[in-house]
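[1] Next one to model:
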Amino acid sequence: MLYGIAAATSALLLAAVLAALLRLLALRFGVVERRRARAVPLLGGVAVVAVTAFVAGVGDWTDVAPLGPASGRLLVAGIGVGAFGLVVDLWSRSARLRLALQAAVVTGAAALTVPYGELGPVVGVVAVGWIVIVTHAFTSLDHADGVMGTVAVVTAFALSGCAAADVMDGLAALLSVLAAALTGFLMHNWPPARIVPGRCGALFTGFVLASAAVLVHTGREAGSSAGAGFALTAVATVDAVLVLVSRRRAGRPLLRGAPDHLVHRLRRLGVTPQGAAVVVGITGFADALVGMLIDMGWVSATAALWLAGGAGVAVLALLRIPTYGGRHVAAYGTQLTAKQQVGPRVRAHLRVSKR
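    Predicted structure coming up:
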């Protein structure tokens, strides 16, 4: 208990300090991303990855909170996925190439973490595909300030509780440290964000959470495992489905960025950026709570069906909100003027977000 409190506190403070330092470094070298006509430093994900790896690694090395083989592989694979995301942040390529490489890297990393011996080859392959989809969905959440981090924090805490209930202490410790690191990062990422996670942070976070969900539910009954897994990742799934259906209906390229995500539609309704992050966070908390209750057997897996029905209704309602055309699209696609630059050093790496 004392180690858990100390580890969480250390992760929170270290992530907050490191994110502030990396913000200065990103501004110094022009590693920024444009969001709504303003340049925001990247590299926030480096703070989350580095702090999570350091604090969890110290606990494992000192044998105070050993991760165990499965959680250790998960952390190493997650660091590899985060490193790939950092490469994408620094040297952006075409959307198609980036997505293909991302799918390949995440698939390879997931193949190293899925317990085929307990799941079997067929279910193991399905689990790998699910990890890839959920990881991509979490990167899609990083389209607005504070959204991905808020959803990830509540999901990590819920999964940590599930792991602790199953006496998976190493995985519970890793998820608790991740949640604390994300909380420290959110001190700088809350709207209006002073730094964003980038692909590095979003890929690392999504991969660790999706893989942890597979490990927690390995050996469970298929219905409850699927229901809990969906509930724990419902917000990211709804956002991804919403974007996919919206772009298909409008005949727009699926990989072309547009203001058609969940938060963009809330903003169209007049919700403030801070309010949108709160709404999405509360929704994520409720979904994660349902997933945790299913996991612990306190409610039946049919609760996930009610949740899926509500998610479907929400998608249909949100699709009625117009997103393409108008001043919001113009603000999304215009270039920065000289006065909107954050400083004279922000030059070469300024780019338009493709999410």
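[2] Please enumerate the strands of this structure.
    32-34, 39-41 (DSSP state E).
[3] so how far is the last one off the chain centroid?
    In other words, strand 39-41. Strand 39-41 sits 19 Å away from the centroid of its parent chain (CA atoms, centre = their mean, to the nearest Å).
[4] nearest residue to residue 277 other than its sequence neighbours?
    Distances taken as CB to CB, 6 or more residues apart in numbering place residue 146 nearest to residue 277, at 4.0 Å, with adjacent residues excluded. C-betas here are computed from N, CA, C, even on glycine.
[5] That neighbour: neighbouring residues, count only.
    As a burial measure, residue 146 scores 24 neighbours (other CB atoms under 10 Å).
[6] Tell me who's in contact with residue 149.
    Applying CB atoms under 8 Å, 6 or more residues apart in numbering, one finds that residue 149 lies in contact with 182, 185-186, 189, 197, 205.
[7] rerun at 7 Å
    Residue 149 sits next to 182, 185-186, 189, 197 when contact means CB atoms under 7 Å, 6 or more residues apart in numbering.
[8] Considering these, which possesses the most neighbours?
    Counting by other CB under 10 Å, top hit in these: residue 197 with 34 neighbours.
[9] Could you tell me the per-residue confidence at residue 349?
    Here the pLDDT value assigned to residue 349 is 42.
[10] Also the one 5 residues further on?
    Here the pLDDT value assigned to residue 354 is 40.
[11] what's the distance between the residue lying closest to residue 59 once chain neighbours are set aside and residue 53?
    Nearest residue to residue 59 in three dimensions, chain neighbours excluded: residue 65, at 3.6 Å (CB to CB, 6+ apart). For residue 65, the distance to residue 53 equals 14 Å [CB to CB, to the nearest Å].
[12] do residue 232 as well
    23 Å.
[13] Between these two, which is the more surrounded one?
    residue 232 (33 against 20).
[14] List the residues that contact the nearest residue to residue 64 once chain neighbours are set aside.
    Spatially, and ignoring its direct neighbours in sequence, residue 64 is nearest to residue 3 (5.2 Å; CB to CB, 6+ apart). Residues in contact with residue 3 (CB under 7 Å, 6+ apart) are 59, 64-65.
[15] go on, residue 60?
    Residue 60 neighbours (CB under 7 Å, 6+ apart): 66-67, 72.
[16] Nearest residue to the middle of this structure?
    Residue closest to the average C-alpha location in the chain (CA atoms, centre = their mean): residue 138, at 3.7 Å.
[17] which residues touch that one?
    The contact partners of residue 138, taken as CB under 7 Å, 6+ apart, are 148, 152, 202, 205-206, 236.
[18] Most neighbours out of those residues, which is it?
    residue 205 leads the contacts of residue 138 on contacts (other CB under 10 Å) with 35 neighbours.
[19] pretty sure that residue is in contact with residue 151, am I right?
    No. Assessed by CB atoms under 7 Å, residue 205 is found out of contact with residue 151, at 9.4 Å.
[20] model confidence over stretch 153-166, on average?
    For stretch 153-166, the mean per-residue pLDDT is 93.
[21] Now do the buried residues in it.
    For stretch 153-166, a neighbour-count test (16 or more other CB atoms under 10 Å) marks 153-164, 166 as buried.
[22] what separates it from the chain centre, distance-wise?
    From the chain centre to the centre of stretch 153-166 is a distance of 15 Å (CA atoms, centre = their mean).
[23] Mind exporting the C-alpha coordinates of it to CSV?
    Only the C-alpha atoms of stretch 153-166 are listed here, as CSV (Å, rounded to 0.1, in the frame of the first residue of the first chain):
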residue,chain,number,x,y,z
VAL,A,153,-6.8,7.9,-16.8
VAL,A,154,-10.2,6.5,-15.8
THR,A,155,-9.7,3.4,-18.0
ALA,A,156,-6.3,2.7,-16.4
PHE,A,157,-7.7,3.1,-12.9
ALA,A,158,-10.6,0.7,-13.7
LEU,A,159,-8.3,-1.9,-15.2
SER,A,160,-6.0,-1.5,-12.3
GLY,A,161,-8.9,-2.4,-10.0
CYS,A,162,-9.7,-5.4,-12.1
ALA,A,163,-6.1,-6.6,-12.0
ALA,A,164,-5.9,-6.2,-8.3
ALA,A,165,-9.1,-8.1,-7.8
ASP,A,166,-7.6,-11.0,-9.8
